[in-house]
Structures are given as structure tokens and as C-alpha cells.
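Let me see the structure of the following:
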Amino acid sequence: MPGLPSSISEFMLKLVSDTRSPAFLLVANDGRLSEWGGELAVYGIEDLRRDQPVGQQVFFLEGMLPLDTSPMFLPYVKTDSGLSADVYLFSTDEGSWVLLLDATWEARKRKAIQQKANDLSLFVVEQQKVGEELQQAKDELEEIVERRTHALAKANFQLKLELEERERLEEALRTSEAKFRRISESNMIGIMFWDLTGTVTEANDAFLEMIGYTREELQAGKVSWDDITGPELRHLDDQAIEEMRARGASVPFEKIFIHKDGSRVPLLFGAALLEGSKHQTVCFALDLKKHR
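Residues are numbered from 1 along each chain as shown. This is a model prediction of the structure:
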């Protein structure tokens, strides 16, 4: 080793000898094996024959000798023993030299690094796939949220319209009830609520005055349809009931009510079913004696 102190050169040679199992072959220019030495057995190279073609004895040298250029380096060559070797080839006047140095540790390290690189590449690919799946799930979720948001907005709008309509109807109902209450409380005509099963459930003062009963008697359930209606005109009641069931209201007709004192009171009578009911009716009565 030119330029290096002999002690350094010797140390490096010993280090190579101790750690890398050096071995060599000398191949004549005609491709025949002429010399060999070192730890060839480590690489599975045994039973060599002098003056025989080297390519027939060392498989990885087949077709490589003689050298066209010099030198040549073959890293991590797999040998018959399973070890990897760095192979150096260079030419001299004696022929072509082949130097083998154990590179198994470096090969394994390189393989481990390559495996890590492959694992990392696989991990990156998997992460990309996961990322794509997450993005797809995100897009699908956003689409679902958008659809549901649209549906919710539509439902809220519809609910607002329904609430406004309900408020309008309730206001109309309150107005209607207020008007009816004013009419009922004015006592201009007699008004009563009648259950088709025969019970008078409510009446204003004008109606109670027509039939001679008090409000206390009405609330006590002492006023019934059978008691206050004339039996000879019962067929007219039946006709009115049929009309109410068919059309919701009856045509006003003259009717006789029986006063509490037994006298007969001629009335103009009309009735209508309460909305949503098949039995509850509201009735009006006009005392014909006072208007003739």
C-alpha cells in the first residue's frame, strides 16, 4: 500500500484477513485456472482443478474471463455456500486475478435497508389508499349532510307555513267563537247545545227563559230533550237528525217545546252538527209568539 506506513498496511491486511475471509484465484489468459488460495471453502468453492476452465468450476465467472477492461467489481455475489462476496477482477501479466471478500453483513444490511424501503413504500401506498377512502367517506358524508340540511330546511319551511296556517285558523276560530259568544250572550235568540243521545248540555239565558228552567237545573242534568219536546212532532226531529247526518245541518222548521209549567211554546228551530262530531249539535230557537 504505497504511502502508508508498513504498520498501517499490515494492520489493514490483518483486519481484512480477520473479518472478510479473503480468497483468490489466478486465471490464465486462456481461461484456465492456474492458482488459488485463501478461504475459498467459505464461499463453497472446493475441489478445484488446475489447468481446467475456471468457468466450469466457479459458476459466476462463466463468460467473464479474460477481462476486456480492468479492473471489474461485482458486489454482493451470491456464492454456493449462501454467503455474499464482493468480487474484484483485475489483469496482470500473469493472468486475471479474482479476489473474493466476504460481504454477507453488508448484503444483509443492504437487504434490510431495501426491505425497510419496500415496507415504507407499501406503507405510503396503504396510507394513500386510506387517505383516498377517507376522502371518499368525507365526500359522501358531506353529500349526506347537504341532502339532510336541504331536507331539514324544506321541513322547517313547511313547518313554518303550517304554524302560520294554524295560527291563522286559531285566530279565525277565536274570532268566530267571540262572535258566537256575543250572539249567545246577547240573548237575541235562544241557543242551546244538544247531544243526539238526548242530553241538553248547554244553553243561553234566552233559551232557558223560553222553556222555564234555571241554569242550576240545566247544570244538574234536569233538562232533557224528551222532557221539552212535543211528542206529536217527534218525527220532525228524526228528519232533522237525518238531514244533519247527511248535510251537517237541518233546514229550520217550526217546533213545539214544552215549558216547565206544561204550557206549549211554538218555536222556529234549526240545528247543525259541531265540526268533527257526529253527535254534538248547536241549535237556535226563535219564540214565534213574540215575533208574530
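
hey, let's count contacts and neighbours off CA atoms from now on
Will do.

Secondary structure element for Ala172, which one?
helix 104-186 (DSSP states H and E).

Now that helix: average pLDDT?
Averaged over helix 104-186, pLDDT sits at 81.

do stretch 43-55 as well
88.

So Gly95 is in contact with Val27, correct?
Yes. Assessed by Cα atoms under 8 Å, Gly95 is found in contact with Val27 at 5.6 Å.

quick one: the strands in the protein?
Along the chain, the segments classed as strands by DSSP state E run 23-27, 33-38, 72-78, 84-92, 95-102, 190-195, 199-203, 253-258, 264-273, 280-287.

which ones are touching Arg245?
Leu273, Lys278 (Cα atoms under 8 Å, 6 or more residues apart in numbering).

higher neighbour count, Gly95 and Val27?
Val27 (26 against 20; other Cα atoms under 10 Å).

surely that one meets Thr92?
No. Val27 lies out of contact with Thr92 (Cα under 8 Å); the separation is 10.2 Å.

End to end on stretch 257-277, go ahead and measure it.
25 Å (Cα to Cα, to the nearest Å).

Could you measure from Gly230 over to Leu286?
16 Å.

do Leu268 as well
5 Å.

go on, Leu13?
Taking Cα to Cα, one finds Leu13 at 139 Å from Leu286.

Which one's more surrounded, the two?
Taking neighbours as other Cα under 10 Å, Leu13 and Leu286 compare with Leu286 leading, 21 against 13.

contacting residues around the more buried one?
By Cα under 8 Å, 6+ apart, the neighbours of Leu286 are Ile189, Gly190, Leu267, Leu268, Phe269.

now the residues you listed as CSV including pLDDT?
CSV is the format used below for the contacts of Leu286 (pLDDT from 0 to 100):
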residue, pLDDT
Ile189, 84
Gly190, 87
Leu267, 87
Leu268, 88
Phe269, 87
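
quick one: which of these is nearest to Trp225?
Using Cα to Cα, Phe269 is the member of these that lies nearest Trp225, at 13.4 Å.

what's the neighbour count on the residue nearest to Leu83 when sequence neighbours are not counted?
Closest residue in space to Leu83, ignoring its immediate chain neighbours: Thr104 at 5.6 Å, by Cα to Cα, 6 or more residues apart in numbering. Thr104 has 18 neighbouring residues, counting by other Cα under 10 Å.

Please look at Thr104 and Tyr76 and confirm they touch.
Yes. Counting by Cα under 8 Å, Thr104 does reach Tyr76; the two are 7.4 Å apart.

Overlap in contacts, those two.
Ser84, Ala85.

Quick check: bridge partners of Val77?
Beta-bridge pairing of Val77 under DSSP bridges involves Ala85.

Distance-wise, check it relative to Gly221.
As judged by Cα to Cα, Val77 and Gly221 stand 118 Å apart.

between those two, which one's more packed in?
Comparing Val77 with Gly221 by other Cα under 10 Å, the one with more neighbours is Val77, at 18 against 13.

Domain-wise, how is this structure divided?
Annotated domains of the chain cover 6-105, 187-291 [automatic domain parsing].

Make CSV from the ones you listed and add distance to Glu146 to it.
Output for those, formatted as CSV (distance: least, Cα to Cα, whole Å):
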stretch, distance to Glu146
domain 6-105, 60
domain 187-291, 41
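
Of all those, which one is nearest Glu165?
domain 187-291 (18.3 Å).

from the chain's centre, how far out does that closest one sit?
Centroid separation for domain 187-291 versus its chain: 63 Å, with Cα atoms, centre = their mean, to the nearest Å.

Report the central residue of this protein.
The centroid of the chain falls nearest to Leu141 when counting by Cα atoms, centre = their mean (6.3 Å).

Tell me how far Gln280 lies from Lys255.
Counting by Cα to Cα, the gap from Gln280 to Lys255 is 20 Å.

Which one of those two is surrounded by more residues?
Lys255 (23 against 19).

For that one, report the pLDDT, please.
Residue-level pLDDT assigned to Lys255 equals 86.

what's near enough to touch it?
Thr229, Gly230, Leu233, Pro266, Leu267, Leu268, Phe269.

which residue sits closest to Ala203, ignoring its sequence neighbours?
Closest to Ala203 by Cα to Cα, 6+ apart is Met192, at 3.9 Å.

Looks like that neighbour contacts Phe207 (just checking).
Yes. Counting by Cα under 8 Å, Phe207 is a contact partner of Met192 at 6.8 Å.
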